[in-house]
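In: below is the sequence, then the predicted model.
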Amino acid sequence: MQDDMIFITGAGRRVGYALAEYFLTQGHPVIGHHHRESVECEKLRQRGALMVQANFEDEDSVQQMCAQIESQCRSLRAIIHNASAFTKTHADAEQALPQFDQFYRIHMRTPWQINTALIPLLRACSRVSDIVHITDIYADNPNPVYDVYCASKAGLQNLSLSFAKQLAPKIKVNVIQPGPILFKEWHSEAAKKAVLSETLLGFEAGPEPIVKAASALLDNPYQTGAIIPVDGGRRLT
Ligand SMILES: NC(=O)C1=CN([C@@H]2O[C@H](COP(=O)(O)OP(=O)(O)OC[C@H]3O[C@@H](n4cnc5c(N)ncnc54)[C@H](OP(=O)(O)O)[C@@H]3O)[C@@H](O)[C@H]2O)C=CC1
Ligand SMILES: Nc1nc2c(c(=O)[nH]1)N=C([C@H](O)[C@@H](O)CO)CN2
């Protein structure tokens, strides 16, 4: 059983993996969630992280993951909700309707289910503990091409504010809103160029700015209910 662990969802790749690497390097015990196995998962295991698997569309899978965490962890320093799906809304309504379930489950129901199950471990932390939800600047100002995704991120953002009200002062709850952090492999060069032309600072950030924002939130004793854009100014254009 370990104390004051940091639990990161979607830790098997990209931003989530960068977060797990950083907090391990800072000396924190880390629990990393993954949906699919990856080379990065094995690297985290080799560094001593506890890796847990779950499909966030399946509430039983999530419940089993939470039970596994409770059996191996005496307290949590933080939960960072990073896991997410990202697809355009299908043009065909019949294909779009299942996306509502997918995004609702991954972005709203599962973060709520995890927080609710693991609040006792957050309260058992030796100091004030944290929940960080990673949403999107699109939660405030949606891109209609991704309307269902955006609405689910807005729902997560609103849930975050309820958790902040419910859990203070022992647990802080904050939101990070990324902008163009890491494109997908399916983004065309033209699409990337268009996005960055609308981004004041003009470059694809990489995961480090999100790591910096998460670390700053955990270190700041006087932020809860905060919503922090990390977007190169994209939300202003
Ligand atoms: N990348 C960007 O430019 C931006 C990112 N964001 C947000 O930042 C966060 C990190 O972004 P990024 O690293 O690109 O995220 P990814 O798109 O790479 O997804 C993160 C993880 O979510 C997990 N995931 C997807 N579906 C499921 C599922 N059904 N059950 C469990 N886990 C699942 C995946 O796990 P696995 O790999 O194990 O399958 C994946 O590694 C996300 O919340 C994203 O919405 C917001 C705006 C911009
Ligand atoms: N889960 C994800 N959410 C988002 C991603 C991503 O890769 N995974 N990417 C974006 C876009 O790249 C956007 O930031 C650039 O237009 C948004 N959300």
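Out: Noted; the coordinates are in hand. Residues are numbered from 1 along each chain as shown. Ligands and ions are numbered 1, 2, ... in the order given.
In: count the residues that sit near the residue nearest to Gly232 when sequence neighbours are not counted.
Out: Of all residues not flanking Gly232 in the chain, Leu201 sits nearest, at 3.7 Å (Cβ to Cβ, 6 or more residues apart in numbering). All C-beta atoms are positioned from the backbone trio N, CA, C, and that covers glycine. Applying other Cβ atoms under 10 Å, we find 13 residues neighbouring Leu201.
In: what helix or strand does Leu201 sit in?
Out: In this structure, Leu201 sits in neither a helix nor a strand according to DSSP states H and E.
In: count of neighbours near Gly232?
Out: For Gly232, the tally of surrounding residues (other Cβ under 10 Å) stands at 24.
In: list the residues that contact Phe163.
Out: Contact analysis of Phe163 by Cβ atoms under 8 Å, 6 or more residues apart in numbering lists 115, 131, 171, 173.
In: let me fix that: Ala154
Out: Contact analysis of Ala154 by Cβ under 8 Å, 6+ apart lists 135, 139-140, 142.
In: ok, now with 10 Å
Out: Contact analysis of Ala154 by Cβ atoms under 10 Å, 6 or more residues apart in numbering lists 107-108, 135-136, 138-140, 142.
In: could you do His33 as well?
Out: With Cβ under 10 Å, 6+ apart, His33 has these contacts: 7-12, 16, 20, 41, 50-54, 56, 62, 65, 69, 79-83, 110, 114.
In: can you tell me how far it is from Pro111?
Out: Distance of His33 to Pro111, computed by Cβ to Cβ, to the nearest Å: 12 Å.
In: what's the overlap in contacts for the two?
Out: 9, 56, 62, 79, 81, 83.
In: and the residue nearest to the first one when sequence neighbours are not counted, what does it touch?
Out: Setting aside the residues directly before and after it, Thr9 is nearest to Ala83 in space (Cβ to Cβ, 6+ apart), at 3.9 Å. For Ala83, the contact set (Cβ under 10 Å, 6+ apart) comprises 8-12, 16, 33-35, 54, 56, 106-107, 110-111, 114, 134.
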